[in-house]
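K.L.:
Okay, here's the prediction I keep looking at, along with the sequence it came from:
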Amino acid sequence: MKKTTAKSKRGKYLYYYLFMLPGLLYLLINNYIPMIGIFIAFKKLNYTTGIFASDWVGFDNFQYLFRTRDAFIITRNTVLYNLVFIFLYTILGIIIAIFLSEMRRKRLARLYQSVLLLPNLVSMVIVSYLAFAFLSSENGLLNNAILPMLGMAEISWYGTPGPWPVILTIVSCWCYTGVEVIIYMSVIVGIDRSLYESAEIDGAGKWRQITSITLPMLKPTIIILQLMFIGRIFHSDFGLFYLIPMNSGMLYNVTSTLDTYVYTSLVRLQNIPMASAAGLYQSFVGFVLVICANLAVRKLEPDSALF
Amino acid sequence: MENRLKHGERSFHTIVNISMMLLALIVLAPFLLLFMSSVSSEQSLIAHGYRFWPGEFSLDAYLYISRNTQTIIRSYGLTVLTTVIGTGLGLTLTATLAYPLSRRDFSHRNVILFLVFFTMLFNGGLVPSYIMWTQFFGIRNTLAALIFPNLLLSAFNVILVKNYYQHSIPEEICEAAEIDGTGAWKTFSLIILPLSKPIFATIGMFYMLAYWNSWVNGLYYISDSKLFSLQVLLNNILQNIQFLVSNSNKAGASANVASIPGVSIRMAIAVLGVLPVMVLFPFFQRYFVKGITMGAVKG
Amino acid sequence: MQKIKKLLAAVLSLMVILCIFSGCGGQPEAGEPDNAGDRPPAASDTPQEIEHINFAAFSYGESPDYPLVIERLNEISREQIGVEASIEFINAATYVEQIGMRLAAGDKDMDIWSPGWDFPGIISRGQAMALDSLLDEYGPDIKSALGDLLYFAPMDGKNYFVPFNSSKRFYSTFICRKDIADAHGIDLTQVKSFKDLAAIFEIIKEKEPQMIPIAQMNGVIISDYNVYREAMPAYDPLGGIPGLDIMGVLTGAEGTKVVNIYETEEYADLLKTMREWYLAGYIPKDAATTMESGSLMYYEGHVFSYTMPETSASSDGPIVHAGLSRVTYDTYVLALNAPVINSSDGYYSLAISPHSQKPEAAMKWMNLLYKDADMVNTLYWGVEGTHWVKNENGTIRYADGIEAGNTGWETPFCWSVGDTALSYAFDSESDDPDYKRKLVAQNDSAPYSEVFGFAFLPDNVITEYTAVTNVIAQYVYALECGTVDPDKELPNFIQALRNAGIDAVIAEKQRQLDEFMASKE
């Protein structure tokens, strides 16, 4: 008896590995083997001798990330924006997903869903042109039409840092909420309808149904999304922070993030090791945070932990 | 009691409908502005600024672009082709990789899940990845360059799918099937797949969006203009304007500056990048949403 | 735990296997045989084998007539030197990235590439091959055509680049609409200093209210700091580019002492003037932040003027440029300073990849671009008879049915590669068939900066350099477009530069410059 289970286990495992083979092979080729290249961050690259024969320079390539006064600003911006974004994505995503799933006219719900995803089909370059159409001092819609209508004075948008945290948050939500909605929608439509029906019979109103059925069912997804997000808390959407403010220097204090800083510093130098160093730093912090967060989740909600 | 409930429900639906309508308007407004500035004359854009209703209509921008119809059609074709292939392959890899990871009777799952997740955190950077794909697979200036590097399998999607298998498909169903002697493959194809349509629809959409919008691979791997996908083409046109303009002090370049597109033309290019999708997307999406609702009925 | 170890072992062994294979994986397909096979046999009867090289050039449009043109080019080069080339066009927007990747990957399939800036960096990273012995043996015409210009960025006595040969005598120029200037009786000969331009803008502001008096170019209004002729008699940016990384310049007033331009009185004065212009409404409000460029807005017709470095100007007063194909109005070009050939590194060049397998053939081919007029004109304008035809006076014009911007051969070669002295002039440019040669000949009479050939390598102070670049990007556009009040922001700017470590950069620059001067003597 024991033998057969061992045998069937081996057979099952073989099957499982066969299932995973194509995916794992791809990850090996696309992700794991190139990961050897992380050592570039510790080298001074010489193209003639090749990356393997280049000189080691220790942590020199990391210095510029910490030694300047900007280091604090860019780290603060990256983290704070990310926290605000994930909070809003989650709240808006859940609310809109619930609203859409409650709509009686399914055709209309479908239409709205498409509309919400549309911004995803536009590249950030074009979004930056759109933002410019609103914000341009000379020709922008806000300064030309809307502010005068409200009796307010013109604002030089690309020269005034104050409103930018709000502007970037709006643009970011405009672009990405649709995706969150889709994720939450897919979970909500998977919820057994009979749960709601019995709740209704018990006299539960909409609000009660949402808080006691929908949200608990969404919880594992919410936790997973936050966990994955924490791993990327030191990363930022380069296009959003670089293109939307048109790389305006006057806004750097509120728009510089790690990614834009690395880009503006290295654009002329083509310094691949320094860029790699920045990437490694971002990943390392994310890694540590995610491991900690996952440990915590494991303690509290073992089922929802990532691994 | 009954009445009060009905009343509450009605007002809830009113709130839902109104707020969704407002939201849709907010999302759509910039697109309208984009379109209107593409059909404005250059002069009125400068004189009156960007408006939802242009001072003076003009189709000059589209006439300018129509000189390159062939290029645009070709890049559309390429984008559609890579999107279809990439989404198909990506879905397959994701669905199969996620399945064993969702099984409690698979004791390696945590290790492998960690390896999958790890790829979200660390990467070797562009150079090693470029060397890998060009020197071992020779994909520079091939269609494969638009499909394979970085986009084909996203750890994020794998985890979403694994999570769905785990939480939304009762394990008893699979166990019952296996006790009946159904093989692992059959369990997967006959039970798991049909039950997972909503999540496939969702991540299918994600892969689709990722491929539709991707231009980074084009940036590094493609120099042959016959292989420019739509986003690469758009991006190059817009970037080239910057490049040409900042180099216009060199003799001879000024002639080309004179033929550079103005603002309305760039807006028109952007419209061409978005409009067909705007028209076609709801039809595609219906297919996806059908998947979602079918899954709901069965689940 | 053991499982992890096993997995790691498996992954590692796979990596090793793949690394071993890398040795053969990177081999190029030798000589692209199918390309050569399509061509008719070489016309010449030279017995040696035809060598094939690859030139990765940047471009910004499609050139559907490539097969025609390359066929003609190869006809010439086969006959003369037994070399054939294929030109791979890489979109300008992605050129730097793609070339960087290919060089890093050790791509042996690329022989020549075309750098435009950051020459010391390219040398220090080993992205180009030292050319001295190749030049001696295969590049005599390059050496005689370029003379001293060839050594614009040497390193440790070695030369790595072959620069584009054109007039390098850059003026800082003021460019404006002739029709409008004439209509309002504006007399450019009265402009003695750039500050006198304000009077002109006042007229424009009043008479042409819908027009922008002066637009930004590359993010700044006055494109060069050497408009201060008296205070900076021999200004040299020491390789810096305005708005990007000018840190430490020579003013000429203090010999070879490297000076922080941002702390000079002249700079404060420039900012004050720009602020006045901005407040008077001469400068567009978005100037500091828009990605639009003055020259483009100028061609669209709603800008009166802009400034930029230009070679075809004159110290004797304004000259007129004829209208271009789609732009009917003529243009005044007014020099704002005396020209000098400085150590700026805005020189388009050709370089040979360190991984090239045929550097000799590549050098022979490059040499032909400085020797053979047919080669140069085919490369620039396309095939004679098909794309362009000769006029009786020796100038050329587009062939019937061909117009600028739609020729089938859209390349940047005429302003980045080869010897323009060998190229024909278009009849729209000049009636003088020798026009191009004379432009280039001006280099001989132009004053060279004392430090010509100096190139700064920031490697030793890279942390400070990086931080300073960011500070410059943060302040300079807003200040130089007058958007912010210099009384308030200039001190902040100077302080931020100090905090970022500009003094260390300047000290390093001074050290390198002193070494350079010592080696010159």
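P.N.:
Yep, it's here.
K.L.:
distance of A:R208 from A:Y112?
P.N.:
25 Å (Cβ to Cβ, to the nearest Å). C-beta: built from backbone N, CA, C; applies to glycine.
K.L.:
what about these two, which has more around it?
P.N.:
Remark: of A:R208 and A:Y112, A:Y112 carries more neighbours, 23 against 13, as counted by other Cβ atoms under 10 Å in any protein chain shown.
K.L.:
Can you show me the strands along the chain?
P.N.:
Unless you meant another one, I'm taking chain A. For chain A, the strands defined by DSSP state E cover A:43-44, A:55-56.
K.L.:
Chain B: which of those is closest?
P.N.:
Closest to chain B of these is strand A:43-44 (Cβ to the nearest Cβ; 10.9 Å).
K.L.:
Report the distance from that closest one to the chain centre.
P.N.:
Counting by Cα atoms, centre = their mean, to the nearest Å, strand A:43-44 is centred 31 Å from the centre of its parent chain.
K.L.:
How about that strand and chain B, touching?
P.N.:
No - contact of strand A:43-44 with chain B (Cβ under 8 Å from any Cβ of the partner chain) is absent, the minimum separation being 10.9 Å.
K.L.:
Could you list every helix and strand in contact with that strand?
P.N.:
Contacts defined by 3 or more Cβ pairs under 8 Å, 6 or more residues apart in numbering or on different chains; DSSP states H and E place strand A:43-44 against strand A:55-56.
K.L.:
hmm, who's touching the strand it packs on?
P.N.:
Outside strand A:55-56, the residues within contact range by Cβ atoms under 8 Å, 6 or more residues apart in numbering or on different chains are A:F42, A:K43, A:K44, A:N46.
K.L.:
Let me know whether the third one touches A:V57 as I believe.
P.N.:
Yes - taking Cβ atoms under 8 Å as the contact criterion, A:K44 and A:V57 are neighbours in contact, 4.9 Å apart.
K.L.:
Of the two, which one has the most company?
P.N.:
Each of A:K44 and A:V57 has its neighbours counted (other Cβ under 10 Å); A:K44 has more, 18 against 14.
K.L.:
what's near enough to touch that one?
P.N.:
A:S54, A:D55, A:V57, A:D60, A:P273, C:D459.
K.L.:
how close does B:V80 sit to B:L209?
P.N.:
Applying Cβ to Cβ to B:V80 and B:L209 gives a distance of 14 Å.
K.L.:
ok, back up a step: would you mind finding the most buried of the strands of chain A?
P.N.:
strand A:43-44 (a mean of 20; mean count of other Cβ atoms under 10 Å in any protein chain shown).
K.L.:
Contacts for stretch C:495-508 next, please.
P.N.:
With contacts defined as Cβ under 8 Å, 6+ apart, stretch C:495-508 is touched by A:68-69, C:247-248, C:258-260, C:262, C:458, C:460-461, C:463-465, C:467-468, C:470-472, C:474-475.
K.L.:
again with stretch C:266-277
P.N.:
C:194-195, C:198, C:201, C:214, C:221-222, C:225, C:227-228, C:231-232, C:261, C:283, C:479-482, C:485-486, C:490.
K.L.:
Using the record's assignment, carve chain A into domains.
P.N.:
A:2-44, A:59-304 (automatic domain parsing).
K.L.:
where among those domains is the average confidence lowest?
P.N.:
Among the domains of chain A, domain A:2-44 carries the lowest mean pLDDT, a mean of 84.
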